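In: Pasting the sequence and the predicted model now:
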Amino acid sequence: MSPTPTGPVAVFRESLAPRGQIDVPYLLDFYPLQSEEHTRIHPFFKHLREGRFTTTRCKACGELLWQPRAVCSKCLSEDLEWVELPTEGTVYAFTAMVRGPPLGMEADIPFVIALVDLDTQWRPLRLLTRIDGVQAGEMRIGDKVRLKIINLADGRVFYRFTGQAGNAGQGTKR
Amino acid sequence: MRQVAIVGGGHTKFGVRKATWKELVQEAGKATFASVRNLTPRMVDSLFVGAAEPERFAFQSHVAPLAAEQLGITPTRVLQRHELACASGQSAIRAAWMSIAMGLSDVAMVVGVEKMNIPNLPELQSSMACVLDREWDGVHGASAPPFFALCAQRHMHEYGTTREHLTEVRLKAGRFAATNPNAHFAKTFTKEQVEKSVEISPPLRLLDCSGITDGAAGLILTSAERAREFTDTPMYIHGTGQASQGHNLSNMESLTTWTPLKWAAKEAYRSAGIRSRDIDFAEVHDCFTISEIIVTEDLGFCEKGKGGAHIASGQTDIGGRPVVNTRGGLLGMGHPLGATGVSQAVEILWQFQKKVPPKRQVEGDLALAHNLSGSANAHSILIYGRRPK
Ligand SMILES: [Zn+2]
């Protein structure tokens, strides 16, 4: 599909340098926007900063909601209260991110990802979390893990859990 | 409601393609029109595009009219793009079925497409993590492989499923994919190759995972009355079901029995007026080896917890019933998100039309296609028949 040669033709040229790298704005990293102007569940992050792990519970129907909500996903009430969650949990299932991490997590691999059971006074709650301080090969189902608060350099905050090798409860080998 | 027929299907080569998503749409469209008679793009009144993440993979929104333009289609009835992550393709087929069934559309095209291979792999992985709830799951580094790895660990823990069972799923996918020139991985593997492939998320290794693949596929749908204008061998939509529960694994009832899959299957069988044992062959969503094991169980093809042994014993191979994933599965074909559900339908059409290589040809009148999405929290099923319902 090459055009018929027509000999030299004067054309205008200019060199441009596209930006080799574009800074990633907040909405393209994985951490939520956390302040009052951005989210109705801002108390979750304020509590976390204070060392308290909380979620919303519906005062109308009593449902414990995870993740925190602005509207009850069971009865649609907005009459919600903040309640404390346990900061110790039990590993229900675990794996690791060994290859193929998202942007910004390349330096962290391998790291453990687990489903952790929290024994709340309302209902059993199972949450997905990263587990620090232990490798997958050292873990068992049933291991105990504890809350860990992550302070981001820009002032935001998040949670993970932390475990340690040889911390197996009634765990069974994977 | 009118009965709906699929009269033609076309398919691109799946793989790491030196082509944009728009070019893949052109290829699939051309192949689809070539599969039917008496039909030009201008006669198509509705277009349904399945595409999961063109905004992230190709920095492009509003893809349905753009796809129509590529194909010379000028829709006068319905134009829609469907996003349901890994099940975007079947979502588009279901919408076309609805539109024809209610009489809004007469001749509809479905195109499923995804261009996933982009220059920066971590960016691709980030986009895949955004299929999850980014703020609560993606933030922990979770993406598809860790989610399905958690399901695999629990299935092993609860039912005694083994590493060998996972391997057998991949070996079967390879045997079928080796007969399919459209497959990304059109070859067989050995047990050692599977079990020594690099670890991704334990217990899952590279060969337990479907690939990062580019591709597209297309279908033409019309009413059963008009089907024979376009082909002598139409297939018919007999039933369908779709269900979802939760999004985060936190809010799923079980990791090892996929409750919404059971709901979707019950409705699909009910609407088709059949039972699971009536299915002759099936295309199921083996995005990971463990998925095919759980899906085989929850569709009712074998006893709960026995999926691994069932597959390992060859009962889903040629000679067994139902035969599962003759196309090569997502494991062998690769998984271009929006294209997969459409590709599954094309395989079933070609099976009914006896257009597949003899090595993977199966006999039968009823087939099931299952497409899941997200953390296995959403399931979509279509039941296709070689004869009208
Ligand atoms: Zn409520």
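Out: On my side now, so go ahead.

In: List, one by one, the residues from chain A near the ion.
Out: A:58, A:60-61, A:63, A:72, A:74-75, A:77 (Cβ under 5 Å from the ion). C-beta: built from backbone N, CA, C; applies to glycine.

In: rerun that using 8 Å as the cut-off
Out: A:58-63, A:65, A:72-77, A:79-80 (Cβ under 8 Å from the ion).

In: Which among the residues you listed count as buried?
Out: Buried members of these, counted by 16 or more other Cβ atoms under 10 Å in any protein chain shown: A:58, A:63, A:65, A:72, A:80.

In: Tell me which of those residues fall in strands.
Out: The members of these that map onto strands under DSSP state E are A:58, A:65, A:80.

In: quick one: average confidence on stretch B:363-379?
Out: Average pLDDT, stretch B:363-379: 96.

In: For residue B:263, list the residues it contacts.
Out: Neighbouring residues of residue B:263 by Cβ atoms under 8 Å, 6 or more residues apart in numbering or on different chains: B:241, B:243, B:245, B:379.

In: make that residue A:58, sorry
Out: Here residue A:58 is in contact with A:65, A:72, A:74-75, A:77, A:79-80 (criterion: Cβ under 8 Å, 6+ apart).

In: before we move on, what about residue A:29?
Out: The contact partners of residue A:29, by Cβ under 8 Å, 6+ apart, come to A:103-104.

In: Tell me the spacing between it and the ion.
Out: 32 Å (Cβ to the ion, to the nearest Å).

In: got it, and residue B:7?
Out: Taking Cβ to the ion, one finds residue B:7 at 49 Å from the ion.

In: my guess is that residue meets residue B:227, correct?
Out: Yes: counting by Cβ atoms under 8 Å, residue B:7 does reach residue B:227; the two are 5.3 Å apart.

In: if we can go back for a sec, just the closest of the contacts of residue A:58 to residue B:15, please.
Out: The nearest member of these to residue B:15, counting by Cβ to Cβ, is residue A:65 at 44.1 Å.

In: Quick check: chain neighbours aside, which residue is closest to the residue in chain A positioned nearest to chain B?
Out: Taking Cβ to the nearest Cβ, chain B has its nearest neighbour within chain A at residue A:95, 3.7 Å off. Once flanking residues are discounted, residue A:95 sits nearest to residue B:149: 3.7 Å by Cβ to Cβ, 6 or more residues apart in numbering or on different chains.

In: any idea which element that neighbour lies in?
Out: According to DSSP states H and E, residue B:149 maps onto helix B:144-159.

In: just residue B:96 next, same as before
Out: Here residue B:96 is assigned to helix B:88-101, by DSSP H and E.

In: Now the helix or strand following that helix: average pLDDT?
Out: Scanning forward in sequence from helix B:88-101 by DSSP H and E, the next helix or strand is strand B:107-114. Per-residue pLDDT values across strand B:107-114 average out to 98.

In: One more: stretch A:35-52?
Out: Stretch A:35-52 carries an average pLDDT of 97.

In: try stretch B:242-259
Out: The average pLDDT for stretch B:242-259 rounds to 92.

In: Near residue B:230, how many other residues are there?
Out: A total of 20 residues lie near residue B:230 under the criterion other Cβ atoms under 10 Å in any protein chain shown.

In: That one and residue B:146: what is the separation?
Out: Here residue B:230 is placed at a distance of 45 Å from residue B:146 (Cβ to Cβ, to the nearest Å).

In: Over to residue B:228?
Out: Residue B:228 sits 49 Å away from residue B:146, going by Cβ to Cβ.

In: Looking at those two, which has the bigger crowd around it?
Out: Neighbour count, other Cβ under 10 Å: between residue B:228 and residue B:146, residue B:146 has more, with 31 against 13.

In: Tell me the pLDDT of that one.
Out: 96.

In: Can you name the residues that contact it?
Out: By Cβ under 8 Å, 6+ apart, the contact set of residue B:146 is A:95-97, A:113, B:201.

In: Next, find the distance separating it from the ion.
Out: Using Cβ to the ion, we find residue B:146 at a distance of 31 Å from the ion.
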